[in-house]
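Q: Sharing a model that was predicted from the sequence below.
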Amino acid sequence: MTGNAPISQDLPWTLRLFIFILTFVLNTARRSNGTVNRPFMKVFDSKTSPLKEADVQTTDVIVDTTRDLWFRLFIPTTATTTKLPVIIYFHGGGFVFFSANSNLFEAICKRLAVNLPAVVISVNYRLSPEHRYPSAFEDGFDVIKFIDTSNLKGFPSNADLNRCFLAGDSAGGNMAHHVAVMAGEHEFSKVKVIGIVGIQPFFGAVERTESEIRLDKKTLILSLEITDWYWKAFLPVGENRDHPVVNVFGPRSEAVLGFNFPATIVFMGGFDILKDGQKRYCEGLKKAGKEVHMVEYPNAFHGFYCFPQLKEWSLLIDELKDFIGKQSAAHQ
């Protein structure tokens, strides 16, 4: 635990223990010299092989072996609708940790596929600090182009590529935005991105926000020291947090979103130090004339979406269903 103030009075002790262990592992794997202890992290970052279960089937698809670029395809097997939306998902982890087959994100994508329902494509992008910006964004964009131009064996016939949503949590939420900007400048033959889903997206700036100052060292998972380390590991050497990838609508950003930039939904937590940065991002979208929906769960901490036993998970699914339904109807 990174602080001594409680996140919520009603978190079960088993969940608190898991978060304590996870935070300890991530902090131990981060070295003070800006590198990562990958062998140590490998011990704790359990992986899952693709398989077929009662309600979902998973398959791994290789995009580029030279950079280990691939994605895991999640196909719900019990969905009754004729056509399913496609969720292209970017996992969190500060751009530094985890992968598309990490147990933590495997479980999230399975739940999304089954409960929405939707075909989910979880991208295994390159990690920092070994591969700094813009490597991860290039990987995400290349996966979309690969899906658009390839006739994939085993790709579900009921996957509606005209209803694609770019989604991600934390660092992955940041990726969803920037990859959407890249996609808006590209002419696709099959893929049409009609929505962005940012689940507690990772944004920031040189100037500290009120939530960063107030909640620093008082919440689970994140502190200012941790977020600063992630940005330093991800950004080009010598850059700061006003880089446009961090501060999207900041003093150094032209923020040209383009005509095709889709509607966005952003999920926030009351106990997330990133909350004010997410609100600032939404305000920037509104000023740019883009459709944006903000959803805040007052008692949620950063990473709440990893725990389906929390009531906020069910609320998030309901909000997502509504958002996907409305955007789908608007683009018929």
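A: Thanks, I have it.

Q: Need the contact partners of stretch 250-263.
A: Residues from elsewhere that reach stretch 250-263 (Cβ atoms under 8 Å, 6 or more residues apart in numbering): 180-181, 183-185, 193-196, 205, 242-244, 247-249, 284-285, 288, 290-293, 323, 327, 330. Glycine gets a C-beta too; all of them are placed from N, C-alpha and C.

Q: List buried members of those by neighbour count.
A: Taking 16 or more other Cβ atoms under 10 Å as the criterion, what is buried in the contacts of stretch 250-263 is 180-181, 183, 193-196, 205, 243, 247-249, 284-285, 290-293, 323, 327.

Q: Which of those fall within strands?
A: Using DSSP state E, the subset of the buried ones among the contacts of stretch 250-263 located in strands is 193, 194, 195, 196, 292, 293.

Q: State the pLDDT value of the second one.
A: In this case it means residue 194. Per-residue pLDDT puts residue 194 at 98.

Q: so it makes contact with residue 332?
A: No. Residue 194 is not in contact with residue 332 according to Cβ atoms under 8 Å; the separation is 10.3 Å.

Q: Residue 280 versus residue 208, what's the distance?
A: Applying Cβ to Cβ, to the nearest Å, the value for residue 208 to residue 280 is 12 Å.

Q: How are the helices of the stretch 51-200 of the chain distributed by residue range?
A: Per DSSP state H, counting those that start in this stretch, the stretch 51-200 of the chain carries helices over the ranges 103-115, 135-149, 171-184.

Q: Pull the contacting residues for residue 227.
A: Residue 227 touches 94, 202, 204, 273, 274, counting by Cβ under 8 Å, 6+ apart.

Q: Could you tell me the phi and psi values at it?
A: phi -60, psi -40 (degrees, to the nearest 10).

Q: again, but for residue 264
A: Main-chain dihedrals, residue 264, degrees, to the nearest 10: phi -130, psi 140.

Q: Correct me if wrong: it contacts residue 294.
A: No. At 9.4 Å, residue 264 and residue 294 do not qualify as touching, with contact defined as Cβ under 8 Å.

Q: more crowded one of the two?
A: residue 264 (25 against 17; other Cβ atoms under 10 Å).

Q: How confident is the prediction for that one, by pLDDT?
A: We have a pLDDT of 98 for residue 264.

Q: what's near enough to touch the spatially closest residue to it that is not a sequence neighbour?
A: In this structure, residue 264 finds its nearest non-sequential neighbour in residue 196, 4.2 Å apart by Cβ to Cβ, 6 or more residues apart in numbering. Contacts for residue 196 (Cβ under 8 Å, 6+ apart) come out as 165, 166, 167, 176, 177, 180, 262, 263, 264, 265.

Q: Among those, the buried ones, what's the PyMOL command?
A: Of those, the buried ones can be selected in PyMOL as follows, counting by 16+ other Cβ under 10 Å:
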select buried, resi 165+166+167+176+177+180+262+263+264+265
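
Q: of the contacts of residue 196, closest to residue 143?
A: Nearest to residue 143 among the contacts of residue 196: residue 166, at 10.4 Å, using Cβ to Cβ.

Q: give me the beta-bridge partners of the closest one?
A: Beta-bridge partners for residue 166, by DSSP bridges, are residue 88, residue 196.

Q: I figured it hits residue 180, correct?
A: Yes. Taking contacts as Cβ under 8 Å, residue 166 lies within contact range of residue 180: 5.1 Å.

Q: Find residues that contact each of those two.
A: 193, 196.

Q: so where is the stretch 151-300 of the chain shaky, pLDDT-wise?
A: 255 (pLDDT under 70).

Q: Repeat the analysis, applying 90 as the threshold.
A: Low-confidence segments of the stretch 151-300 of the chain (pLDDT under 90): 151-154, 217-221, 253-260.

Q: on that earlier part again, overlap of the contact sets of residue 264 and residue 294?
A: With contacts taken as Cβ under 8 Å, 6+ apart, the residues that reach both residue 264 and residue 294 are residue 282.

Q: Need the residues that contact stretch 38-45.
A: Against stretch 38-45 from outside (Cβ under 8 Å, 6+ apart): 25, 28, 29, 97, 98, 99, 102, 103.

Q: rerun at 6 Å
A: 25, 29, 102 (Cβ atoms under 6 Å, 6 or more residues apart in numbering).

Q: Those residues in strands, which ones?
A: Per DSSP E, the subset of the contacts of stretch 38-45 in strands is empty.

Q: which one of these is nearest residue 132?
A: For the contacts of stretch 38-45, the residue nearest residue 132 by Cβ to Cβ is residue 29; the value is 17.6 Å.

Q: Now the closest one: closest residue in space that isn't a chain neighbour?
A: What sits nearest to residue 29 in space, not counting adjacent residues and going by Cβ to Cβ, 6+ apart, is residue 41, at 4.3 Å.

Q: burial measure for residue 145, as a count.
A: Neighbour tally, residue 145, other Cβ under 10 Å: 15.

Q: how near is it to residue 184?
A: From residue 145 across to residue 184, the span is 13 Å (Cβ to Cβ).

Q: now do residue 54
A: Separation of residue 54 from residue 184 (Cβ to Cβ) stands at 38 Å.
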